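> just the structure for this:
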Amino acid sequence: MMEPFDLLLHEEAVVSLRYLRGHNRKAIRSFLSSLSSNPFFEADTNYEDLKGRVISKVRIQNYVIEYIVDDPVREIKVINIQRIPHL
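Predicted structure coming up:
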């Protein structure tokens, strides 16, 4: 069995996670926990940033989570957790 990847959260993601409550918080924490065991989960979408890193985006309820899988160092870097505004 593969060792889980380390899960690192950028400051913006930590702040967002602090303000989550109830079902949203539970769903996002559950996803992040499972992501460390399954880092190559198929994201909803991917894009390349200015540094050439592939950023994966996944929607969990009313939130979008952006993260980078850094395979050589076995880390997942969560760079943002953002609420989707109601239209």
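
> extract the residue ranges of this structure that are flagged as low pLDDT.
1-2, 87 (pLDDT under 70).

> residue boundaries of the helices in it?
Remark: helices assigned in the chain by DSSP state H are 11-19, 22-37.

> correct me, but P4 touches S37?
Yes. Using Cβ atoms under 8 Å, P4 is in contact with S37, at 4.8 Å. (C-beta placed from N, C-alpha, C; glycine too.)

> how much space is there between D44 and I55?
Noted for D44: a distance of 12 Å to I55, by Cβ to Cβ, to the nearest Å.

> and if you look at P85?
20 Å.

> so between these two, which is more surrounded?
Of the pair P85 and I55, I55 is the one with more neighbours under other Cβ atoms under 10 Å, namely 18 against 6.

> can you list phi and psi of N62 for me?
phi -100, psi 20 (degrees, to the nearest 10).

> so what's it up against?
24, 83-84, 86 (Cβ atoms under 8 Å, 6 or more residues apart in numbering).

> please identify the buried residues of stretch 40-50?
Within stretch 40-50, the residues scored as buried using 16 or more other Cβ atoms under 10 Å are A43.

> what sits up against that stretch?
34-35, 54-59, 69.

> first-to-last residue distance for it?
22 Å (Cα to Cα, to the nearest Å).

> dump stretch 61-77 to CSV, restricted to CA.
Output in CSV follows, covering the C-alpha atoms of stretch 61-77 (Å, rounded to 0.1, in the frame of the first residue of the first chain):
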residue,chain,number,x,y,z
GLN,A,61,-20.6,21.6,-2.4
ASN,A,62,-20.4,25.4,-2.6
TYR,A,63,-16.6,25.6,-2.4
VAL,A,64,-13.7,25.2,-4.9
ILE,A,65,-10.5,23.7,-3.6
GLU,A,66,-7.3,24.4,-5.5
TYR,A,67,-4.3,22.2,-4.9
ILE,A,68,-0.9,21.0,-6.4
VAL,A,69,0.3,17.4,-6.3
ASP,A,70,4.0,17.5,-5.9
ASP,A,71,4.8,13.8,-6.6
PRO,A,72,8.7,14.0,-6.2
VAL,A,73,8.4,15.2,-2.6
ARG,A,74,5.1,13.4,-1.9
GLU,A,75,3.2,16.5,-0.9
ILE,A,76,-0.2,18.0,-1.7
LYS,A,77,-0.3,21.8,-1.4
